[in-house]
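Participant: Need coordinates for the below:
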Amino acid sequence: MKPRLQDPPAFVFFNEVGIIEHLSRTAAERVLPRGLSMAGFGLLNHMIRLGHERRAPAKIAAALQVTKGAITQTLKRLEAEGLVTVEPDPSDGRGKAVSVTPAGRQARQEAIAALDPLFADLLAQVDVAEIEAVLPTLQKVRQVLDAARD
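Facilitator: Sure, this is the predicted structure:
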């Protein structure tokens, strides 16, 4: 049997994060409320988590690091479901402003509630203290990467 390569720690870290992201995304997609995709949930979560009452689609696209076309499609689906409104921006005659509707806030809460069983299964096998212990490192890595993209 061939000896295993010793990959650099940063690669191993990001490889693990990537696998966790893929597995968690796949599991979450199975339980999201009808009509809500991961892209839609991500947009709603971004707006609500950061307290954005109104936000330009281009700013949302930049924050989520997707194309304007991808945001346009996600917004169309969310608007058709009544989860957001897209209206002319009163401060910019050519621009648009996105707002989350009460139904959008409710959909985000339902999505989070639908994830509870997944979290319960995880927490039955991984102690919450272990998860809390890695949070500062993960947050620091996110902050470094977030600052580097600007």
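
Participant: what does stretch 135-148 contact?
Facilitator: Applying C-beta atoms under 8 Å, 6 or more residues apart in numbering, the contact partners of stretch 135-148 are Phe13. The way it works is simple: take the backbone N, C-alpha and C, and place the C-beta from them, glycine included.

Participant: how about 6 Å then?
Facilitator: The contact list for stretch 135-148 (C-beta atoms under 6 Å, 6 or more residues apart in numbering) is empty.

Participant: After the helix or strand of the chain with the lowest mean pLDDT, heading C-terminal, what element do we hit next?
Facilitator: Least confident helix or strand of the chain, by mean pLDDT, DSSP states H and E, is strand 92-100 with a mean of 90. Downstream of strand 92-100, the next assigned helix or strand under DSSP states H and E is helix 102-123.

Participant: Show me what that next one packs onto, helices and strands only.
Facilitator: helix 38-49 (3 or more C-beta pairs under 6 Å, 6 or more residues apart in numbering; DSSP states H and E).
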